[in-house]
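K.L.:
the sequence and its predicted three-dimensional model are supplied below.
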Number of protein chains: 2
Amino acid sequence: MSDALSTLRRELAQIEDLVIAARVLEWDQLVMMPRGGAETRAEGLATLNRFAHELFVRDEIGELLDELRPSEADLDPDSDEACLIAVTRRDWEKARRIPPELRGEMTRVASAGMEAWAEARARDDYASFRLWLDRTLELKHRYIECFPATEDPYDLLLDDFEPGMRTDEVRRVFERLRPALRDLLASAVDEEVEAFVAGPYPRGAQHELSLTVARAFGATEDCFRLDPTVHPFCISFATRDVRLTTRYAEDDLHGNSIFSTMHEVGHGLYEHGGDTALDRTPLATGCSSALHESQSRLWENVIGRSLPFWRWFYPQFRDGFGSVLADVPLERFHRAINRARPSLIRVDADETTYGLHIILRFELEQELLFGGLTTTDLPEAWNAKFEELLGIRPPNDRLGVLQDVHWSGGMFGYFPTYQLGNVLSVQIWERLVTDLADAYEQVEQGSFGAIHGWLREHLYRHGRKFTPAEMTARVAGGPIDPEPYLRYLADKNASLAAA
Amino acid sequence: MSDALSTLRRELAQIEDLVIAARVLEWDQLVMMPRGGAETRAEGLATLNRFAHELFVRDEIGELLDELRPSEADLDPDSDEACLIAVTRRDWEKARRIPPELRGEMTRVASAGMEAWAEARARDDYASFRLWLDRTLELKHRYIECFPATEDPYDLLLDDFEPGMRTDEVRRVFERLRPALRDLLASAVDEEVEAFVAGPYPRGAQHELSLTVARAFGATEDCFRLDPTVHPFCISFATRDVRLTTRYAEDDLHGNSIFSTMHEVGHGLYEHGGDTALDRTPLATGCSSALHESQSRLWENVIGRSLPFWRWFYPQFRDGFGSVLADVPLERFHRAINRARPSLIRVDADETTYGLHIILRFELEQELLFGGLTTTDLPEAWNAKFEELLGIRPPNDRLGVLQDVHWSGGMFGYFPTYQLGNVLSVQIWERLVTDLADAYEQVEQGSFGAIHGWLREHLYRHGRKFTPAEMTARVAGGPIDPEPYLRYLADKNASLAAA
C-alpha cells in the first residue's frame, strides 16, 4: 500500500503544481499583466489546464486507487491518507464522466460567453447575450446527462460547489428565509442616507486601514499580499502564499476597501489555515463554496460589522479620513454600515436583503434549466420577481439580469452557496462562542488570535478532507440551520432601531 | 510537409506555454511572492521545467524533424519555417545529449550552490562556498563530456549563450581590449568624486523619471511593467507582455534607477520587438546573450549616457530632485555619470573599466576549468589579477571573488557575453548612424521612434531565427570587431577631459 500511496501522492503533487501554476497565471492576469499579454496568456492557461486534466483522468490514477482499495479500511478515516484517497476517487470518477470534447466546448463557450456578457452589460444590451446564454444552458444539460439521474437534476450542479448537497436541503433553508427576510426588511427603520456615506474617503488611507485590519485578523506579511483590482477576490498558491485583492471607492462608504478586504481576508485565512501537510494535494483548499463563504462573511460581517469591532477600530478609522467622520458618533456610523434597505445590486446589498437577491437567482436558474422559462422571457421574470421580493423594480437589465458574471461562465448552482455561507457563518460563530464566551470582548480589544485559532483548529486545518455535510457537523455541531442567522439579523436590526 | 510542420508547431507551442508559465512563476517569485511561498514555488518550477524538458526530448519531436528534412531545402532559408526547424533541431540534438540524471543533478547543485553562495557572500566566508564550487566544476566537466570534443573545451560552454561562437574569437577580441582599456584608464582624468553624487535622490522621483524615459524609448504601458527588485532584470512572457525591474539608490547617483531602467528597457525592447508570429515558438526571444546585452548597453550607455540624451533630459531630471542638482551644470553632471575610475564591483563599473572586470573572469574561469587553478587558490588569483588589471586590490572576498552569482549557479561561459555585448552595441550604433545620420540630433529632441524602428527592423523582429554570427553580420555588417568600441570610448574620454 505505501508504494501505491506514495506514487499517487507524487502524481497528484505534480498535477497540483500545474493547477497552482494556472492559478498564478490567472492572478497575474487579473492583477498585474499589461493588457497586451492577454492572447498568449489565454493559450498558456488552456495548455496548463488541459495537461493537468489529462494527467488526472489517466487510467493509471484509477489503477492506483483500485490498488489502494483493499487496505483503505485499515486507515483511520480521519487521516490525511484516507481522506486523500476518498476525495481523489470522487474527483477522478466525476472527471472521467465528462468527454474531452464536451469539456473543451464548455471551456470555449464559457470564455466567449463571459466576453459577450461583459460587452452586453456595458451596453445594457441583453439581446446580444441571449444566444450565448442559450448555448450555455444547452451545454449544462449535456453535462447533466453525463451522470446517473438524481432526485433533482439541479443536485448535480450544486454538487460542483457543495459536494453531496441536495436541492431540497437548499430549498428548505430558503423557504424559511424567504418570508422571514421580507418581514425583517419590512420592519427595518427606513431613514435617509447620511451625508458622510458619500465621503470623500481617500484611497491611500483606505489602503493603510485595510492593511491594519488584515494584519490584525492574521493575514501576515510573510504569507499574504493585498493588491487592488476591479473585482476583489482571493486565490492561494500554498498555505503560506495567499493573494487577496480589494477595491477602493472614495465616494461611497459601502464600497470602502475595509469591507472587501475583511471579506477576502476571511477566505484567505481559510486557505492559509490548512495543514501544511496538505500543500500540493487536492485537499489544500476549503471544503466547499458555502463553507468558504461562511468564513469571508464571518470576518466581514459577524466580526467586521459588529459594534464591538468598531468600538475598537472606529477611532483609528475616523482619524484616517480627516474631517469627514469627525462629527459622526460611533453608533451613527455603525448604523450606516448595517442598515437594511432594498437595492438593485447583489454585491452591494446589506445583510438582510442579500439573501433575497440569492433566492431570486436560485429560483430563476431552476426555472431556466428545468421549468420552461425561456431566455427571451428571463429579463421580465427577473424584474417581476425582484419587485415581488424586494419591492423595487430594476430600471434596466444592466442593473438587473446582466449584473452578475456567473451564468455567462456556466456557473449554475453557485449562487445558493453565497447565502448558505451567510447562514453558516452565524452557526459557526455561535458554536465558537460556546468555547470562547468572551469572543466579542476580545474583538473589542482588537484581539483576534483566539478566534482565529479556534477556526483554524475546528475548520481551516482540515482543508478539503471531509464532505461539506461532515465538516458542517464538525464545526457547527449539526446540519445547516437558518435559525441562528435569522436571530442574529433580528437582534442586529432591533439594536439598530433602538440606537 | 505542412502536416508535420503544423504538428511540430503545435507541440512546440504547448512546450513553450510551460516554459512561459515557469517564467511567470519566476518573475512572481522575485517581484511579488510573499516569502512563505518559496517551498511550494520551488516544487512548481521544478515540475514545469521537467515537463517542458521531457516533452521536448521525446522521440516524436526527432521524428517530426526527420520527416521535415527532405522538404527543408525548398523553403526560403530566411523564412520563419526554415529557421524554426533549424533552431529546433539544434536545440533538440543538444538537449538529447544530457542524461536526465545529470540534468537533475545540475539543477539541484545550482539551486543549493546559489543558496550557499548568498550565505557565503553575506558572511564574507569563501571557505563555506568552496566545496560547492568544486561540485559545480565537476558537473561542468561531466556536461562537457556529453559532447564531441571541440577545438577548445570552453567552446561548449560559450555555446550555451552564444551558439556557435568559438573561444579563440573571444580571446582575439579580449586580447585587443586588455591593453587598450588599461591605457584608456591610465589616461582618464582622475578627479574627486563630486558631492552631488551622494544625493539625496528620492525614490518617488526616480520612479517617475525612469518611467518617463522608459515610455519615451518605447516601453509602452499596454505591453510593459516596471517594478522594484533588489537585482534589476527583464523577462518576457510574450512580445506584448514584457516585465522590467529596477532598483532605487537614494544616496548614489550611479545607482539611480534611471540607469538600470534604461538598461532593462533595452533588453525589453528586444523581446518586445520580435515578430508576433514568433510568439509561443522557441524563436520568440533574443538571438544570444551578447546580442541581448548589446541592446541593454545601447540604450543605457550609447544613448543613455550620451551628452545629446542629457541635453534633452537633464532639465526634467534636475527639476525632479529639488535642490541637489540645482547648481550643477549639464557638463559636470555628464562627466560624473561617465568618468572612468577603478572600482571593485563589476555591476557598478564605468564603461572603460567594465571590460577589465570581464576579462578577469574570462581568464579565471578557463584556468579553473582547464588550467589547473584550484578553488583553494582562486581568491588569491582573483586579487592578484585584479590588481594587475585595475591597479587596486579587493580588501575582502565579498568585494572580490564572491561578488557575482553566476559561478554558483554553474553559469560558466556567460561572463564574456557581457563585454561582447558592449562591443556590439557600438558596432550596431555605427551601422544605425549610416542609415540615420541625425540619430543623436533625434536623441537630443527626445525622439527615439526612428532609432527604435531601425533596431526593430534590423534586429528585434528576427528574434532567435538566425545564429549569432549571421545576425551580427546582418545588423552590424560584419563579425564582431572591437575597434568601433575603442574609438567610442577614446572619444568619450577625450571629450570628458576637455569639458
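P.N.:
Yep, that arrived.
K.L.:
average pLDDT for stretch A:28-48?
P.N.:
Averaged over stretch A:28-48, pLDDT sits at 94.
K.L.:
same check, this time on stretch A:122-134
P.N.:
Per-residue pLDDT over stretch A:122-134 has a mean of 97.
K.L.:
got it, and stretch A:434-449?
P.N.:
Mean predicted confidence for stretch A:434-449 is 98.
K.L.:
now do the end-to-end distance for it.
P.N.:
Terminal residues of stretch A:434-449 are spaced 17 Å apart (C-alpha to C-alpha, to the nearest Å).
K.L.:
how about stretch A:191-202?
P.N.:
26 Å.
K.L.:
what comes into contact with it?
P.N.:
Here stretch A:191-202 makes contact (C-beta atoms under 8 Å, 6 or more residues apart in numbering or on different chains) with A:248-254, A:256, A:321-322, A:324-325, A:328, A:332-333, A:336, A:339. C-beta coordinates here come from the backbone N, C-alpha and C atoms, glycine included.
K.L.:
show the buried residues in those.
P.N.:
Among these, the ones that count as buried by 16 or more other C-beta atoms under 10 Å in any protein chain shown are A:248-249, A:253, A:256, A:321, A:324-325, A:328, A:333, A:336, A:339.
K.L.:
list the buried ones in stretch A:402-416?
P.N.:
Under 16+ other C-beta under 10 Å, the buried positions of stretch A:402-416 are A:402-404, A:406-416.
K.L.:
near chain B too, which of those?
P.N.:
Residues of those in contact with chain B (C-beta under 8 Å from any C-beta of the partner chain): none.
K.L.:
now the residues you listed in CSV, with secondary structure and pLDDT?
P.N.:
Output for these, formatted as CSV (DSSP: H, G, I helix; E, B strand; the rest coil; pLDDT from 0 to 100):
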residue, secondary structure, pLDDT
A:Leu402, coil, 97
A:Gln403, coil, 96
A:Asp404, coil, 95
A:His406, helix, 95
A:Trp407, helix, 97
A:Ser408, helix, 95
A:Gly409, helix, 93
A:Gly410, coil, 95
A:Met411, coil, 97
A:Phe412, coil, 98
A:Gly413, coil, 97
A:Tyr414, coil, 98
A:Phe415, helix, 98
A:Pro416, helix, 98
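K.L.:
could you single out the nearest of these to chain B?
P.N.:
Closest to chain B out of those is A:Gly409 (22.0 Å), distances taken as C-beta to the nearest C-beta.
K.L.:
contacting residues for A:Val328?
P.N.:
Going by C-beta under 8 Å, 6+ apart, A:Val328 touches A:194, A:196, A:318.
K.L.:
quick one on the thing from earlier: would a markdown table of the buried residues of stretch A:402-416 with distance to B:Glu293 be doable?
P.N.:
Listed next are the buried residues of stretch A:402-416 as a markdown table, based on distance: C-beta to C-beta, whole Å:
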| residue | distance to B:Glu293 |
| --- | --- |
| A:Leu402 | 52 |
| A:Gln403 | 52 |
| A:Asp404 | 50 |
| A:His406 | 49 |
| A:Trp407 | 52 |
| A:Ser408 | 47 |
| A:Gly409 | 45 |
| A:Gly410 | 48 |
| A:Met411 | 48 |
| A:Phe412 | 54 |
| A:Gly413 | 55 |
| A:Tyr414 | 51 |
| A:Phe415 | 55 |
| A:Pro416 | 58 |
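K.L.:
among these, which one lies nearest to B:Gly477?
P.N.:
Lowest distance from B:Gly477 to the buried residues of stretch A:402-416 (C-beta to C-beta) belongs to A:Gly409, with 54.7 Å.
K.L.:
that closest one contacts A:Ala110, doesn't it?
P.N.:
Yes - the pair formed by A:Gly409 and A:Ala110 meets the contact definition of C-beta atoms under 8 Å, at 4.5 Å.
K.L.:
quick one: buried residues of stretch A:441-455?
P.N.:
For stretch A:441-455, burial by neighbour count (16+ other C-beta under 10 Å) applies to A:442-444, A:448, A:451-452, A:454-455.
K.L.:
show me what that stretch is in contact with.
P.N.:
If you take C-beta under 8 Å, 6+ apart as the criterion, stretch A:441-455 is touched by A:216-218, A:269-270, A:273, A:295, A:298, A:303, A:306, A:308-309, A:311-313, A:428, A:432, A:435-436, A:439.
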